[in-house]
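1. Generate coordinates for the sequence data below:
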Amino acid sequence: MSTNHDAAGQPIATDTQDIWELRIITPPGILPAAARALRAHHCRVEEYETCCEIFFPAGTTRKEVFPRTPMSERYDVTLPDGYSILEMYMLHRRQSLLYYPSEHLEKR
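-> Now for the predicted structure:
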């Protein structure tokens, strides 16, 4: 299954099993344990020199959990299987930092 991208870089599904509802861009250098945790919950992780793109499966929800500040927005991201992470979107960088449950990062 493959995914093409539109002019804005958003994925265009070419197969019903290859639909990604949410894409989050993070700084480069994702921790291997974090990438493993995301992949274990059916996310696609693509690492590049300048960023990391994480594609979350259909059914993922993203809910704002704290008041916005001039610098950032914070969201609870919950996958269809119930796995939850916290996203802090940095407005000035147009990238997010993701905070994972500690039990996944202790298994480095």
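2. what bits of the chain have low per-residue confidence?
-> 1-20, 104-108 (pLDDT under 70).
3. which one is the residue of the chain positioned farthest from its centre nearest to, not counting chain neighbours?
-> Here the chain reaches farthest from its C-alpha mean at residue 70, the gap being 21.9 Å by CA atoms, centre = their mean. Spatial nearest neighbour of residue 70, excluding adjacent residues (CB to CB, 6 or more residues apart in numbering): residue 91 at 7.4 Å. All C-beta spots, glycine's among them, are computed from the backbone N, C-alpha and C.
4. Tell me, how many residues neighbour the one you found?
-> The local packing of residue 91 (other CB atoms under 10 Å) involves 12 other residues.
5. before we move on, what about residue 79?
-> Residue 79 has 18 nearby residues by other CB under 10 Å.
6. could you point out the longest helix in this protein?
-> Across the chain, the longest stretch assigned as helix under DSSP state H is helix 32-40.
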